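Asks: just need the structure, nothing else, for what follows:
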Amino acid sequence: MTTDQLMGRRQVLLGRVAVAACAPYLLLKLLWVLGHDIGIVDVGRAGRGTWIAANVVTFLMDAVAAAIAYALTRPSGLRAPAWLLALPLWMASGLLTPLMISVPTGSAVAALTGAANPMASGDFLEPWVYVLVYGAFIVEGLTLLSAFWFHAHRRWGALLRRRLESVPAPAPGVRAARRLLGVPAAVLLAVLGVLDVLWGLGMPTGPGGAALPARSVVTATSGVVQGLLALAGAAGLAALLFPHRGRLRRLRTRVPLALAWLGSATVFAWGGTMWLSWTVADALTGGGSASTGGLPGLAGALELVAGLVVLCLGTLTLAAETARSVPSSAPAPKAVGTY
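Replies: Sure thing, here's the model as predicted:
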């Protein structure tokens, strides 16, 4: 059996498990949308209309994840447009990776320190709901992202296994344009990462921060995790922008690329899009949320910008590298060998 066939079998298995892991969450959301209050202690806290709208949106998001996982089990997945898989998987990476780390870590810290765990309080949802939902998310995240890892190596293995020092230098104009956008984005990711870590550790958030809800041990852990992922993303992006410098030039491209991917996706998903949703909600209701003003609001807007810039850079770079390595008249080669 060739390496490509072995990776293909693992990819299919992981994709099928990811589809199955989506099922409990989708079923629960569907029941809530249809008016069944199973597992809900106090639905009035959010309001019925807001509750239904939020569940419809999150149901559709996880349905997209299930569809992508299914696509990864099909041979046609290798022929699908790269953006059609990469864009939702980038977003899924940003949403699921912090959850996979912060939920079990925060729960363990709460258990060891005796701090209150909001997932065990039962004042909004029954504790078993959190176990079901977050357990499914952890399995879904591990299997979905692992399936995509195999997919990426089968599709772009030559690019991912290449060492940074052997990356061909782009045209001077292209290199200057990448660095003009990429360097500020890397600096921004680093600054935002430091802020998230400090806020997670309890530092005041500045103007508007006093009105924000008090952080529990789980949300504090989540802030630290998101900050560390943003810092890792900044380091990965810097290595990709300057591939021939420093001791990291011996790294394979997949290492800094994975860091930049996860860091930028986390900042965009948990910072930028959350800020955008709060801003839109404030505009529709005429209210004013502390999350959209002061330093928290500014950080959210910058997280949205940083994520979009890295996304655009990655898209343009992948298109250029793929076009350079694969002639337009030839089919894409299968990756073989070690990985």
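
Asks: from residue 30, how far out is residue 56?
Replies: In this view, residue 56 and residue 30 are 10 Å apart by Cβ to Cβ, to the nearest Å. C-beta here means a position set from N, CA and C on the backbone, and glycine is covered the same way.

Asks: what of residue 152?
Replies: Taking Cβ to Cβ, one finds residue 152 at 32 Å from residue 30.

Asks: more neighbours: the two, which one.
Replies: More neighbours surround residue 152 than the other of residue 152 and residue 30, with 22 against 14 (other Cβ atoms under 10 Å).

Asks: is it true that that one touches residue 160?
Replies: Yes. Counting by Cβ atoms under 8 Å, residue 152 touches residue 160, with 6.4 Å between them.

Asks: sticking with the residue nearest in space to the middle of the chain, tell me its helix or strand.
Replies: The chain has residue 94 as the residue nearest its centroid, 1.0 Å off, counting by Cα atoms, centre = their mean. Taking DSSP states H and E as the definition, residue 94 sits inside helix 82-113.

Asks: pull the helix or strand with minimum mean pLDDT from the chain.
Replies: For the chain, counting by mean pLDDT, DSSP states H and E, helix 273-285 ranks last in confidence among helices and strands (a mean of 75).

Asks: buried ones in stretch 154-172?
Replies: For stretch 154-172, the neighbour count (16 or more other Cβ atoms under 10 Å) marks 154, 155, 156, 157, 158, 159, 160, 162, 164 as buried.

Asks: ok, for the second one, nearest residue in space, not its chain neighbours?
Replies: When the adjacent residues along the chain are set aside, residue 155 lies closest to residue 78, with 5.9 Å between them (Cβ to Cβ, 6 or more residues apart in numbering).

Asks: how about the last one?
Replies: Residue nearest to residue 164 in three dimensions, not counting chain neighbours: residue 243, with 3.9 Å by Cβ to Cβ, 6+ apart.

Asks: so that neighbour touches residue 249, yeah?
Replies: Yes. Applying Cβ under 8 Å, one finds residue 243 in contact with residue 249, separated by 6.3 Å.

Asks: okay, and the common contacts of these two?
Replies: 164, 165 (Cβ atoms under 8 Å, 6 or more residues apart in numbering).

Asks: quick one: which of those two has more around it?
Replies: residue 243 (20 against 15).

Asks: tell me the secondary structure at the more buried one.
Replies: coil (DSSP: H, G, I helix; E, B strand; the rest coil).

Asks: ok, it to residue 259 distance?
Replies: Per Cβ to Cβ, residue 243 is found 14 Å from residue 259.

Asks: neighbours of residue 127, just the number please.
Replies: If we define neighbours as other Cβ under 10 Å, then residue 127 has 14 of them.

Asks: contacting residues around it?
Replies: Counting by Cβ under 8 Å, 6+ apart, residue 127 makes contact with 119, 120.

Asks: from residue 34, how far out is it?
Replies: From residue 127 over to residue 34 the distance is 23 Å, taken as Cβ to Cβ.

Asks: ok, now residue 105?
Replies: Separation of residue 105 from residue 34 (Cβ to Cβ): 34 Å.

Asks: those two: which is more packed in?
Replies: A count of neighbours by other Cβ under 10 Å puts residue 105 above the other of residue 105 and residue 34, at 16 against 9.

Asks: which one is the more buried one nearest to, not counting chain neighbours?
Replies: residue 221 is the one closest to residue 105 (Cβ to Cβ, 6+ apart), at 5.3 Å.

Asks: one more: residue 300?
Replies: Spatial nearest neighbour of residue 300, chain neighbours left out: residue 275 (2.5 Å); criterion: Cβ to Cβ, 6+ apart.

Asks: what number of residues lie near that neighbour?
Replies: 22.

Asks: distance of it from residue 268?
Replies: With the distance defined as Cβ to Cβ, residue 275 ends up 10 Å from residue 268.

Asks: what touches both of those two?
Replies: Common neighbours of residue 275 and residue 268, counting by Cβ under 8 Å, 6+ apart, are 303, 304.

Asks: chain center to the helix or strand hosting residue 226: distance?
Replies: Using DSSP H and E, the element containing residue 226 is helix 217-241. Here the centre of helix 217-241 is set off from its chain's centre by 11 Å, with Cα atoms, centre = their mean, to the nearest Å.

Asks: again with stretch 163-173
Replies: Worked out by Cα atoms, centre = their mean, stretch 163-173 lies 27 Å from the chain centre.

Asks: kindly report the same for stretch 72-80.
Replies: Centroid displacement of stretch 72-80 relative to its chain, using Cα atoms, centre = their mean, is 22 Å.
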